[in-house]
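[1] structure of the sequence below:
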Amino acid sequence: MSINRRQFLTTLGLTTIATHIAPVIAEIQTSPNIIIKPPHLKIGDTVGLIAPAGIIEPKDIETAQQALSKLGLKVITGAHILDRHGYLAGKDSDRAQDIHTMFADNSVKAIMAMRGGWGCNRILPLLNYPLIRKNPKIIIGYSDITSLLLAINARSRLITFHGAVATSTWNQFTIDYFKNILFDGEKLIMQNTPTNEGKIAIINQGKARGKLIGGNLSILAAMVGSPYLPSWHKSILFLEDIGEDIYRIDRMLTQLKNAGILNQISGFIFGQCTNCQPGDEPSFTLIQILKHHIQPLGIPAWYGSMIGHIKDKFTVPIGLEVEIDTDNGTIKMLEAAVT
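    Numbering: from 1, shown residues only. Predicted structure coming up:
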């Protein structure tokens, strides 16, 4: 065989292989199973404010604009942000449309909920998840916004953020985590400081790795059985809540256990349970209830992280790989959450 012929056949073989490999690479790059990170924020970027749950007042928008302008961000508001429909900030279809509009608008670099309340679960079937995946951007909030964060992570495969809403207390602790993670793209270690409210309480000692998934316990429990939750396999589950009697926390954790969620996770964090009281009846303490459910799992776990209805808030990336360490009460990001 001549050298030229051998080279031709070799080239032909490589071309054939490349022809078969190229579609595979393209499929990998566009696979719906690959997690997408949103682009980072920059000074001068525009944030879209939405009210996907409870009613807000015009003064809330003014307060949010002032807070975000100090961060160097511009603001636009959803068309239906001041709507009222019973206790909801507008009809379900209109609140969903505001989300679609913000994701489709190329000038909007992040989407922030004005407040929680109730209502996000109602609009999950109305959301256009392929549209959201094609236009990845930061979406952040907490409390009832848990529904959107988990559903978008599960169905659009986008990293979302459990953190401040527009009407939050924007103190230095909250601002630092918001800017370092969403502006600077840093891989942070989240840890309580001596000035934070409350101390951590270890449930099980150890370290664990996994995708960080969770949010408000009441909302998450209300989503069980729906197609809008991510995979729990080897995940780190974080929870928080407010104003719930201890027996209700017990009931909701039991629901997660009976649904097969707790036995899949590799680590557990309960942030803050603000104003969660035993009630007048004979009761357990909150830490006792957490130990009842989590200690038998034998996974690293603690209570007291700065996640929840509190002034000092972490910005928690949902769907990101992290490592937790109960001895220090730390959440270590293993990669940046934004591009």
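[2] okay, helices next: where are they in the stretch 151-300 of the chain?
    172-182, 217-223, 246-258, 286-294 (DSSP state H, counting those that start in this stretch).
[3] next one: the longest one to chain centre, how far?
    Going back to what we said before, that points to helix 246-258. 21 Å (C-alpha atoms, centre = their mean, to the nearest Å).
[4] switch the helices of the stretch 151-300 of the chain over to TSV; also include mean pLDDT.
    Formatted as TSV, those follow (pLDDT from 0 to 100):
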stretch	mean pLDDT
helix 172-182	97
helix 217-223	98
helix 246-258	97
helix 286-294	97
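[5] pick the most buried one from these.
    helix 217-223 (a mean of 21; mean count of other C-beta atoms under 10 Å). C-beta coordinates here come from the backbone N, C-alpha and C atoms, glycine included.
[6] low-confidence ranges in the chain?
    Applying pLDDT under 70 to the chain flags residues 1-32, 196-198.
[7] mind naming the longest strand for it?
    strand 207-216 (DSSP state E).
[8] that strand pairs with which strands, parallel or anti?
    If you go by DSSP bridges, strand 207-216 pairs up with strand 236-242 (parallel), strand 321-325 (antiparallel).
[9] give me the beta-bridge partners of His108?
    No His there; residue 108 is Val. Beta bridges link Val108 to Thr46 when assigned by DSSP bridges.
[10] OK, contacts around it?
    46-48, 76, 102, 137 (C-beta atoms under 8 Å, 6 or more residues apart in numbering).
[11] got the domain ranges for the chain?
    Following the TED database, the chain resolves into domains at 46-170, 189-333.
[12] for Lys179, which of the ones you listed is the nearest?
    Nearest of the domains of the chain to Lys179, taken as C-beta to C-beta: domain 46-170 at 7.0 Å.
[13] what sits up against the longest strand of the chain?
    Contacts of strand 207-216 (C-beta under 8 Å, 6+ apart): 116, 142-146, 149-150, 153, 162, 220, 230, 232, 234-241, 265-267, 269, 299-300, 316-326, 331, 334.
[14] quick one: buried ones out of these?
    Of all the contacts of strand 207-216 considered here, the ones buried according to neighbour count by 16 or more other C-beta atoms under 10 Å are 116, 142-146, 149-150, 153, 162, 220, 230, 232, 235-241, 265-267, 269, 299-300, 316-326, 331.
[15] that older thread, need the domains of the chain in CSV (columns: distance to Asn180).
    Below are the domains of the chain laid out as CSV (distance: least, C-beta to C-beta, whole Å):
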stretch, distance to Asn180
domain 46-170, 12
domain 189-333, 8
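[16] highest mean neighbour count out of those?
    Among the domains of the chain, ranked by average contacts under mean count of other C-beta under 10 Å, first place goes to domain 46-170 (a mean of 20).
[17] show the end-to-end separation of that domain, please.
    In domain 46-170, first residue to last residue: 18 Å (C-alpha to C-alpha, to the nearest Å).
[18] sorry, back to before: redo the helices of the stretch 151-300 of the chain as JSON lines? Include distance to Ala166.
    As requested, the helices of the stretch 151-300 of the chain are exported to JSON lines (distance: least, C-beta to C-beta, whole Å):
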{"stretch": "helix 172-182", "distance to Ala166": "12"}
{"stretch": "helix 217-223", "distance to Ala166": "19"}
{"stretch": "helix 246-258", "distance to Ala166": "27"}
{"stretch": "helix 286-294", "distance to Ala166": "29"}
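[19] of those helices, which is nearest Asp92?
    So among the helices of the stretch 151-300 of the chain, helix 217-223 is nearest, using C-beta to C-beta, at 15.7 Å.
[20] which helices and strands sit right next to that closest one?
    Counting contacts by 3 or more C-beta pairs under 8 Å, 6 or more residues apart in numbering; DSSP states H and E, helix 217-223 is packed against helix 120-123, helix 146-156, strand 236-242, helix 246-258.
[21] need the contact list for Thr101.
    48, 78-79.
[22] work out for me the element it sits within.
    Assigned by DSSP states H and E, Thr101 belongs to helix 92-104.
[23] sorry, back to before: of the helices of the stretch 151-300 of the chain, which is nearest Ile61?
    Of all these, helix 172-182 sits nearest to Ile61, with 19.0 Å by C-beta to C-beta.
[24] what sits up against that closest one?
    Under the contact criterion C-beta under 8 Å, 6+ apart, helix 172-182 has outside partners 40-41, 71, 110, 138, 140, 161, 163-164, 168, 186, 188, 190, 193, 196, 306, 311-315, 317, 333, 337-338.
[25] and stretch 127-140, by the same measure?
    32, 36-39, 41, 96, 99-100, 103-104, 106, 108-113, 148-149, 151-152, 155-158, 160-165, 182, 315, 338.
[26] all good on my end, thank you.
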